[in-house]
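Novice: Sequence first, then the predicted structure:
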Amino acid sequence: MTTRDIIEKFYSAYSVGDVETALSLFHPNVRHRACPQNQAIDHCGCFEGLEAVKERIGMILRDWTFKAYQPEFILADGDRAAALVHIEAVGNQSGEAIEIQSAHFWRVKDGLVVEADEIFDTGTVDAGVRKRAG
């Protein structure tokens, strides 16, 4: 599979809740950074290794139900890819609906994702988290 094929397979699986297939595309020593400068949201930060990424996804699914999780476009060049992803979600405890775009940056090696970086509107997500907690 090409880098593009791997990334497209991830989105196809994750968008329908097939987390097992999505995670099967990650290297055991994957490094995943999601808005690491934001420490107010528990699923932001640096996650080293597949188990840490699984824990992050568990936190996300604990808090949110996705209504849409679709790439608007994917650019791939060699072992790297970038995507702009449209996300709609509802807070599981608050019922708060959010709509954001997230920029994803990937690196693939030997058919597995070894780096995944994500940047999204933490203000919108944080507001949903605070409404849940408040």
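Specialist: Received the coordinates, thanks. All figures in this text were calculated on a predicted structure; none of them were measured in a lab.
Novice: so where is the chain shaky, pLDDT-wise?
Specialist: 36-42, 121-134 (pLDDT under 70).
Novice: Do a quick rundown of the strands in it.
Specialist: With DSSP state E as the criterion, the chain has strands at 26-34, 45-48, 64-77, 80-91, 97-109, 112-120.
Novice: right, and these - which one's nearest Glu20?
Specialist: For Glu20, the closest of these is strand 26-34, at 11.3 Å, according to C-beta to C-beta. Yep, even glycine has a C-beta here, placed from its N, CA and C like the rest.
Novice: Quick check: buried residues in the closest one?
Specialist: Neighbour counts using 16 or more other C-beta atoms under 10 Å place 26-27, 30-34 of strand 26-34 among the buried residues.
Novice: Which two among these are spaced furthest apart?
Specialist: His27 and Ala34 (17.0 Å).
Novice: Against which helices or strands is the longest helix anywhere in the chain packed?
Specialist: Looking across the chain with DSSP state H, the single longest helix is helix 50-63. Under the contact criterion of 3 or more C-beta pairs under 8 Å, 6 or more residues apart in numbering; DSSP states H and E, helix 50-63 touches helix 19-23, strand 26-34, strand 45-48, helix 122-133.
Novice: For the second one, which outside residues touch it?
Specialist: Okay, so that is strand 26-34. 43-50, 52-53, 56, 109-110, 112-118, 120 (C-beta atoms under 8 Å, 6 or more residues apart in numbering).
Novice: centroid residue for the protein?
Specialist: For the chain, the residue sitting closest to the mean C-alpha position, by C-alpha atoms, centre = their mean, is Glu118 at 6.6 Å.
Novice: Run through the bridge partners of the closest residue to Phe66 other than its chain neighbours.
Specialist: Leaving aside its chain neighbours, Phe66 sits nearest to Ala89 (5.1 Å; criterion: C-beta to C-beta, 6 or more residues apart in numbering). Assessed by DSSP bridges, Ala89 has beta-bridge partners Phe66, Ile98.
Novice: correct me, but Leu50 touches Leu23?
Specialist: Yes. Taking contacts as C-beta atoms under 8 Å, Leu50 lies within contact range of Leu23: 6.8 Å.
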